[in-house]
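Colleague: Below are the sequence and a predicted model; questions follow.
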Amino acid sequence: IEVDHPVAHLLVNAQGQTNLPARKNSSQSQTNLFDLAIRHAKLSAGEAYYGDQKLLVAADLHDLTFRSTYDPLEGGRYYGRLGYRDGHLVYNQYAPMAHDLAAEFNATRQRLTLRPAVVNVAGSRLNLEATVRDYSNPVIDARYQAEIESGQLRRVMRNSDLPAGLLRLAGTAHYESVPG
C-alpha cells in the first residue's frame, strides 16, 4: 500500500468531542473491526494537524499488522495489537532509523492504554506502558524502561556533540494539560 501526501486534521473541543465520526452500534455482539496484515506500507509527504500545529510525517513499514476488536459494553471500546518490522519514520527534521514496533492497546471514549509498547532500534530498546485520560485536557501516566545506544541517537538528531555509549533509563512520567 502506498499513500502519497495524506493530510489529517484532528480537532478536540473543551468537552472532549472530536471531529472523528462516531461509530454506529447496530449489534450487542463483539465485532472484529480490523484484522489486517500488509507486507509493505509506505506513506510519503504526510501532514498531520493537531489543532493548529503542523507535523510533517513519512513512513515506510514492512509486515504491518493491525488487529482491533470492538466491544460495545460500557460505552464501547477498541482493543488489539499494532506491529511492524523494518520501519523507517521521518518526523519533521529528524533522520529516519530502522526499527520494529509491537504494541497492545485498549481505547475508550475517555481513555487510551498502551500495555506494552516495545520499540527496537539498532541496538536500542524501549518498553513503554502508558495511559492517556481526558482527550480534551490530556492526563498521561507512563512507565518506561530503555536501553539507548547513543551513537544511533547522535545520527538521528544530527548532533555530533552527543557522547557515544549505552544509556539505561527507567522511570515514570506524568503529564497533565491545564486549560487556559
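Modeller: Yep, that arrived. Since the structure is predicted, the reported quantities are computational estimates derived from the model, not experimental observations.
Colleague: give me every residue that touches the nearest residue to Ala142 once chain neighbours are set aside.
Modeller: Distances taken as Cβ to Cβ, 6 or more residues apart in numbering place Ala130 nearest to Ala142, at 3.9 Å, with adjacent residues excluded. Heads up, the C-betas are built off the backbone N, CA and C, glycines and all. Contacts for Ala130 were tallied using Cβ atoms under 8 Å, 6 or more residues apart in numbering; they are Thr113, Leu114, Arg115, Ala117, Ile140, Asp141, Ala142, Arg143.
Colleague: Need the three-state assignment for Ala130.
Modeller: Using DSSP: H, G, I helix; E, B strand; the rest coil, the structure places Ala130 in strand.
Colleague: Point out where the chain drops to low pLDDT.
Modeller: Across the chain, the ranges flagged by pLDDT under 70 are 22-38, 179-180.
Colleague: In it, what residue spans correspond to strands?
Modeller: Along the chain, counting by DSSP state E, strands occupy 2-4, 7-10, 31-50, 53-71, 77-91, 98-107, 111-121, 124-133, 139-149, 166-176.
Colleague: I'd say Arg133 and Arg111 touch.
Modeller: Yes: with contacts counted by Cβ atoms under 8 Å, Arg133 reaches Arg111, the gap being 5.1 Å.
Colleague: Need the residues touching each of these two.
Modeller: Common neighbours of Arg133 and Arg111 (Cβ under 8 Å, 6+ apart) do not exist.
Colleague: ok, and the closest non-adjacent residue to His99?
Modeller: Counting by Cβ to Cβ, 6+ apart, His99 lies nearest to Val121, which is 4.1 Å off, once chain neighbours are set aside.
Colleague: swap in Tyr50?
Modeller: Nearest to Tyr50 is Leu10, by Cβ to Cβ, 6+ apart, at 5.3 Å.
Colleague: Asp52 is in contact with the one you found, correct?
Modeller: No: Leu10 is not in contact with Asp52 according to Cβ under 8 Å; the separation is 11.1 Å.
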